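Novice: Sequence below, structure please.
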Amino acid sequence: MKSFTSWLVPERAWEGPGLALMAALMLVLPLSHTTALRNVLAVLLIGISGWGVVVRRWPFRFPLRTPWLTYAGFALASLAWSVDRAASLGEFKSELLYALLCFLLGANWLARSSRLMRVAHAMVALTAVLLADLFAYAIVTYLRTGDWPMITGGWLAGVGKLSSYLVMALPFLLLVVARRGVLAWLAAFLLAGTAVAIYISGNRIGFFVVTAQVALGSILWWPRLLRPQRIRLVLAGLAWLAVLAGVATQQFHERALSDYGNAAADKGYASIVYQVQADPRWMIWSHTLENTRAPWWRGGGFGLTTFKHLYPELSNTPETELYSHAHNLLLNKYVQLGAPGLTLFVLLIGSVLFGLLRPPSPGIDAWRIALIMSLTGLLLKVQTDDFFNRDVGWYFWLLAGLATGLVGSQAARRDNHG
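Specialist: Below is the predicted model:
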């Protein structure tokens, strides 16, 4: 028994089978129908971590403790005035406590430069599973109906979830491609598959988010490039913008056909301008801002369900069921927690991102940029539809914990050697 315990929780901090469990959790967390498996993996990881910290005296990291506890404290206090206290309590457990656990797991198990390739490999495996599922679903649907499916996420992920995970994984695929070798070819193949998947998903913001990610990464990497490399990068960017214009036009056209039928083109519904102007999000956002239902200094209580309690008129008629939240992460936080809670949330997110802008350390510069691209990509994506909840939000915080712990440990190492 003692030898098994020593194997499961070794003397060396944050080593052993826990690393394999973390890789498995990163793979199954995004997938539907894996609740029992992800719960088992999480409980095992928490148990090993707790035993290691308490019994083995492993060093425990809690980066950004003050921003986290301040935000969590305000969210907890909001239960006192919540419009649905029971729902808010459940949301607090799911959206905040589980998110914090993922953040701490990432900060302690993954935040080492020697483990970054494991993270990249997990992202490659996750992308491969998601794409294989999506394309298998598309082929089966075609064989059954004779039509290729549009606006779908496959069996294992919904439309919004699929594109959210692909956006987070894309920067890591780029890093693997840059390292060359057999895995680089697989990553390049998956990058092409990612573009097709985002198109099939019908998520119209997806390609614009990817463009913003690559532009951000290029800006951060620009000082390290030689003049010929900069010229090639600019030319590639211009070529991509031309491709983006064509792809976006076609994707908006396909969406119009789905929403309005074959008459969409004749009525002008297929144009990008019309679809942007007619998008119901404008109505949701303006209605929310113009009809304040809770005091600005406290909001209506923590949780995504608060919105539909405060604005039932938006989602109580046929075909408006999806209007039960603000379709914007920041506006949702404002409705839930008011200006103070929104400010605390932005400060927490900002602390993660600004930490990644610290002076780079040898060996992790590219990883630091990839993490900025990954986290920023999801944050941009949830400004038009709030998927920052449940497993998508937990995955974000897992990567945020990795990012914060990594730059913190590198900074401490510089200080010790300085």
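Novice: Tell me the predicted confidence for Thr35.
Specialist: Confidence at Thr35, expressed as pLDDT, is 92.
Novice: Mind listing residues that contact the helix or strand where Leu69 lies?
Specialist: Using DSSP states H and E, Leu69 maps to helix 65-77. Contacts to helix 65-77, defined as Cβ atoms under 8 Å, 6 or more residues apart in numbering, come from residues 62, 92, 96, 100, 103, 302, 337, 340-341, 344-345, 347-348, 351. Where you see a C-beta, it was placed from the backbone N, CA and C, and this is true even at glycine.
Novice: Of these, just the buried ones, PyMOL syntax please.
Specialist: To isolate the buried members of these in PyMOL, using 16 or more other Cβ atoms under 10 Å:
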select buried, resi 62+92+96+100+103+302+337+341+344+345+348+351
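Novice: Where do the helices of the stretch 151-300 of the chain begin and end?
Specialist: 159-179, 182-201, 206-221, 227-260, 272-278, 280-290 (DSSP state H, counting those that start in this stretch).
Novice: hmm, which helix or strand of the protein has the shakiest average pLDDT?
Specialist: When each helix and strand of the chain is scored by mean pLDDT, DSSP states H and E, helix 272-278 comes last, with a mean of 74.
Novice: Can you list the buried residues in that one?
Specialist: In helix 272-278, counting by 16+ other Cβ under 10 Å, buried: Gln275.
Novice: Show me the shaky parts of the stretch 51-200 of the chain.
Specialist: Within the stretch 51-200 of the chain, no range satisfies pLDDT under 70.
Novice: change it to 80
Specialist: For the stretch 51-200 of the chain, the stretches flagged by pLDDT under 80 are 150, 180.
Novice: still on that earlier bit, which other residues reach whatever helix or strand comes next after the helix holding Leu69?
Specialist: Following helix 65-77 in sequence order, the next helix or strand is helix 85-91 (DSSP H and E). Contacting residues not belonging to helix 85-91 are listed as Ser78, Leu79, Ser82, Gly301, Phe302, Gly303, Leu304, Thr305, Thr306 [Cβ under 8 Å, 6+ apart].
Novice: Would you mind measuring from the third one to Glu91?
Specialist: Right, the one you point to is Ser82. With the distance defined as Cβ to Cβ, to the nearest Å, Ser82 ends up 9 Å from Glu91.
Novice: Looking at those two, which one has more neighbours?
Specialist: More crowded of Ser82 and Glu91, by other Cβ atoms under 10 Å: Ser82, with 25 against 22.
Novice: Remind me what the least confident helix or strand of the chain packs against, helices and strands.
Specialist: Contacts defined by 3 or more Cβ pairs under 8 Å, 6 or more residues apart in numbering; DSSP states H and E place helix 272-278 against helix 227-260.
Novice: can you state the direction angle for the helix it packs on and helix 182-201?
Specialist: With axes from the mean of the first three to the mean of the last three Cα atoms, to 10 degrees defining the directions, helix 227-260 sits at 30 degrees from helix 182-201.
Novice: what helix or strand is the nearest residue to Arg115 once chain neighbours are set aside on?
Specialist: The shortest distance from Arg115 to any non-neighbouring residue, by Cβ to Cβ, 6 or more residues apart in numbering, is to Leu19 (7.3 Å). Taking DSSP H and E as the criterion, Leu19 maps to helix 17-28.
Novice: to the chain's geometric centre, what's the distance from that helix?
Specialist: 18 Å (Cα atoms, centre = their mean, to the nearest Å).
Novice: This completes my enquiry, with thanks.
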